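Participant: Have a look; sequence and predicted model below, questions after that.
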Amino acid sequence: SQVQDMSGGKVKAAKDMAFVFDIDGVLVHGDRLIPEGRRALEILNGDNELGIKIPHIFLTNGSGKPEAARVRQLEGILGQPISTDQFIQSHTPMRALAEYYGTVLVVGGEGYRCREVAEQYGFRDIVVPNDIVASDPTIAPYRVFTDEERASSRPRDFTKVNIEAIMVFSDSRDYATDMQIIMDLLRSEDGRLGTVAKDPVSQRIPIYFSQGDMLCPTEHPIPRMSQGAFRIGLEAMYKSLTGVELERVVYGKPELATYKYADEVMASWMDQLHGDERVPRNIYMVGDNPASDIIGGNMYGWNTCLVRTGVFQGGDNDDENPANFGVFKNVLEAVQTAIRKEL
Ligand code: G3P
Ligand code: MG
């Protein structure tokens with residue numbers, strides 16, 4: 001019948017659309033739910049007029065926990081099922097680096113959680129700043145090192161170890177200590193602490209950052225500084241100490257490599273959901289940060305939706321990186337408008 005044809009057409013259209021969600025400032029603020037986020041996911045998980053699932057993945061610049069742990073936490077806050085197969089954190093694509101380096105310094109995050117992340121990614125020999133402080137407390141002159149931290153660290157003689165690369169996975173919990181250790185390593189001979197290279201460039205080990213956001217929306221009323229601010233501080237210090245620019249690699253939104261990775265995740269998620277690896281034609285990115293979610297989505301040919309629940313606090317649209325599908329009060333409005341357009 002005509003009605004069946006119509007809903008058949010809608011089912012087809014529903015399979016040709018997908019959503020990519022930013023997390024902080026769109027679905028949650030830290031550990032607090034943005035209520036419209038739950039409803040938006042319910043609709044995509046099948047509570048819609050067609051009763052079908054509309055594919056969606058999560059692409060966050062968030063970091064600091066293993067994927068499975070963060071997914072469980074988000075499921076608790078959002079009350080909706082999420083699979084690690086539809087979930088990308090800033091450092092997720094960095095798992096590909098594990099095969100290239102032996103000993104690496106992993107920086108950032110709470111406690112030793114980023115060590116755990118790096119282990120899960122297959123990194124073979126992982127050093128965190130606390131291991132270095134425990135081995136030689138004079139390296140960080142202002143650091144107060146607790147007994148608990150000492151007990152859980154893995155000290156060794158770092159003047160006999162070459163650290164082959166620096167991986168900033170998450171926000172530094174102690175800028176002074178982390179910046180000092182990173183600067184020492186960048187200026188050393190091939191990552192050997194206790195040395196200072198004569199030529200700062202030829203013996204410099206590479207440094208990677210999991211994302212470049214300047215600001216992050218949190219429970220605090222004004223967005224807080226994030227990894228981008230930390231990196232810019234390091235770059236400025238490095239330049240004035242050595243006279244040369246610091247070369248570095250940045251992952252996360254809006255870097256192209258991250259969007260390509262998201263495409264691969266989308267394709268395999270489509271396969272799980274609809275038995276078809278094709279990336280849908282109409283992808284909607286819902287984000288709150290024009291300088292990361294929106295600029296990246298625009299460059300990658302996605303439909304971009306900017307919401308007012310996070311970093312963006314401007315007028316009709318962002319002046320520098322306007323969302324091409326529109327600005328919405330919240331994620332639910334964005335999802336409903338996109339679905340109305342496609343189906
Ligand atoms: O800026 C750091 C991070 O918390 C942002 O996460 O989900 O907004 O990309 P998200
Ligand atoms: Mg955000």
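Facilitator: That came through, no problem. Ligands and ions are numbered 1, 2, ... in the order given.
Participant: Any residue of the longest helix along the chain touching ligand 1?
Facilitator: When the chain is parsed with DSSP state H, its longest helix is helix 256-274. No - applying C-beta under 6 Å from any ligand atom, one finds helix 256-274 separated from ligand 1 by no less than 10.4 Å. The way it works is simple: take the backbone N, C-alpha and C, and place the C-beta from them, glycine included.
Participant: Following element in sequence after that helix, please.
Facilitator: Moving toward the C-terminus from helix 256-274, the next helix or strand (DSSP states H and E) is strand 282-287.
Participant: on that earlier part again, other residues contacting the longest helix of the chain?
Facilitator: 15, 18, 20, 53, 55, 57, 59, 83, 85-86, 88, 90, 92-93, 251-253, 276-280, 283, 296, 299-300 (C-beta atoms under 8 Å, 6 or more residues apart in numbering).
Participant: ditto for stretch 101-114
Facilitator: Contacts of stretch 101-114 (C-beta under 8 Å, 6+ apart): 63-66, 69, 115, 117-118, 123-130, 132, 152, 161-173, 178, 181-182, 185, 191, 210, 227.
Participant: Quick check: closest non-adjacent residue to Asp85.
Facilitator: Leaving aside its sequence neighbours, Asp85 sits nearest to Trp269 (C-beta to C-beta, 6 or more residues apart in numbering; 6.0 Å).
Participant: Those residues of the protein touching ligand 1, which are they?
Facilitator: 22-25, 60-62, 213, 216, 226, 289.
Participant: circling back to that earlier point, narrow the contacts of helix 256-274 to those that are buried.
Facilitator: In the contacts of helix 256-274, burial by neighbour count holds for 15, 18, 20, 55, 57, 59, 86, 88, 90, 92-93, 251-253, 279-280, 283, 296, 300, counting by 16 or more other C-beta atoms under 10 Å.
Participant: before we move on, the earlier item: out of the contacts of helix 256-274, list just those in strands.
Facilitator: Counting by DSSP state E, the contacts of helix 256-274 place 18, 20, 57, 59, 88, 283 in strands.
Participant: Go through those and say which is closest to ligand 1.
Facilitator: Leu59 (7.3 Å; C-beta to the nearest ligand atom).
Participant: Show the contacting residues for the closest one.
Facilitator: Contacts of Leu59 by C-beta under 8 Å, 6+ apart are 20-22, 88, 253, 258, 262, 285.
Participant: ok, so of the residues you listed, who is nearest ligand 2?
Facilitator: Ligand 2 lies nearest to Asp22 out of the contacts of Leu59, by C-beta to the ion, at 4.2 Å.
Participant: neighbours of the closest one, just the number please.
Facilitator: 27 (other C-beta atoms under 10 Å).
Participant: got it, and Pro200?
Facilitator: Pro200: 17 neighbours (other C-beta under 10 Å).
Participant: now it, nearest residue through space, not along the chain?
Facilitator: In space, Pro200 is closest to Thr242, 4.1 Å off (C-beta to C-beta, 6+ apart).
Participant: List phi and psi for the one you found.
Facilitator: Main-chain dihedrals, Thr242, degrees, to the nearest 10: phi -110, psi -20.
Participant: Run a quick neighbour tally on it.
Facilitator: 17.
Participant: shouldn't it be in contact with Arg187?
Facilitator: Yes - using C-beta atoms under 8 Å, Thr242 is in contact with Arg187, at 6.6 Å.
Participant: Now the common contact residues for the two.
Facilitator: What both Thr242 and Arg187 touch, as defined by C-beta under 8 Å, 6+ apart, is the set Pro200.
Participant: rewinding a little: now do the residue nearest to Asp85 against Gln86, distance only.
Facilitator: 5 Å (C-beta to C-beta, to the nearest Å).
Participant: So for those two, which residues contact both of them?
Facilitator: Ile57.
Participant: So which bits of this protein are right by ligand 2?
Facilitator: Selection of the chain residues close to ligand 2 by C-beta under 5 Å from the ion yields 22, 24-25, 288-289, 310.
Participant: quick revisit: so for the residue nearest to Asp85, what's the pLDDT?
Facilitator: We have a pLDDT of 96 for Trp269.
Participant: Tell me where the stretch 201-343 of the chain has helices.
Facilitator: Secondary structure of the stretch 201-343 of the chain (DSSP state H, counting those that start in this stretch): helices at 227-242, 256-274, 295-299, 331-342.
Participant: highest average neighbour count across the ones you listed?
Facilitator: helix 295-299 (a mean of 21; mean count of other C-beta atoms under 10 Å).
Participant: Which residue is the nearest non-sequential neighbour of the residue in the stretch 201-343 of the chain that ligand 2 sits nearest to?
Facilitator: Going by C-beta to the ion, ligand 2 is nearest to Asp288 of the stretch 201-343 of the chain, at 4.4 Å. In space, and not counting its chain neighbours, Asp288 is closest to Gly310: 2.7 Å by C-beta to C-beta, 6+ apart.
Participant: Would you confirm that Pro81 contacts Asn45?
Facilitator: Yes - taking contacts as C-beta under 8 Å, Pro81 lies within contact range of Asn45: 7.0 Å.
Participant: Nothing else from me, thank you.
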